[in-house]
Every structure is written in C-alpha cells, then in structure tokens.
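[1] need a structure here:
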Amino acid sequence: MIQKKWKITPEDWRNREKWHEYQKAIDEMLFKTSTYYAPWTIVESNNKRFARIKVLKEVYQKIEQKLRMSR
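    Numbering: from 1, shown residues only. Alright, predicted model coming up:
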C-alpha cells in the first residue's frame, strides 16, 4: 500500500483561517458570472474518476440539449 505524505505549511493554516472568506468570494463569483448561455457547473473533485465522469456526462447532456433545440 502506498502512503501519501502531506506537506502542510504555515501558509496552509493561514489560508484555512480564511475559508469562510474564500467561500463567500466563490459564491459571489458564481452568482455574478453564471448566465443562461454560459452557466457554471460545479464538479466535486475529491475523486478524480467521479469528477471526470461527471464532466463527460455534463458535456454530453449539453450537446444533446443543443441538438434537440436546433431541430
């Protein structure tokens, strides 16, 4: 079994203290920049395989949707 080594620096701890500020900024950015013609899709990335599959499904669904609309 391969064990992963984590390197946590003082900067990482400093950034964790600002987590709520980062979250607020992300929410504001998504709200202000997501539009009908260019919406954001949030992809959870704790699991690479799941994230890649979700992205492929989203792209497939959007293409299908556009093709149906153009008929």
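[2] what's the burial count for residue 13?
    Residues lying near residue 13 (other C-beta atoms under 10 Å) number 9. C-beta: built from backbone N, CA, C; applies to glycine.
[3] and it, which helix or strand is it part of?
    Mapping residue 13 onto the secondary structure by DSSP states H and E places it in helix 10-17.
[4] kindly report the same for residue 24.
    Applying DSSP H and E, one finds residue 24 within helix 19-33.
[5] avg pLDDT for that helix?
    pLDDT averaged over helix 19-33 equals 96, rounded to a whole number.
[6] elements contacting that helix?
    Applying 3 or more C-beta pairs under 8 Å, 6 or more residues apart in numbering; DSSP states H and E, one finds that helix 19-33 makes contact with no other helix or strand.
[7] now tell me what touches it from outside.
    Contacting residues not belonging to helix 19-33 are listed as 15, 40, 42 [C-beta atoms under 8 Å, 6 or more residues apart in numbering].
[8] repeat the analysis, applying 7 Å as the threshold.
    Contacts of helix 19-33 from elsewhere in the structure, counted by C-beta atoms under 7 Å, 6 or more residues apart in numbering, are residue 40.
[9] what about the residue of the chain most remote from its centre, distance to residue 37?
    No residue in the chain has its C-alpha farther from the mean C-alpha position than residue 71, which lies at 31.4 Å (C-alpha atoms, centre = their mean). For residue 71, the distance to residue 37 under the criterion C-beta to C-beta, to the nearest Å works out to 19 Å.
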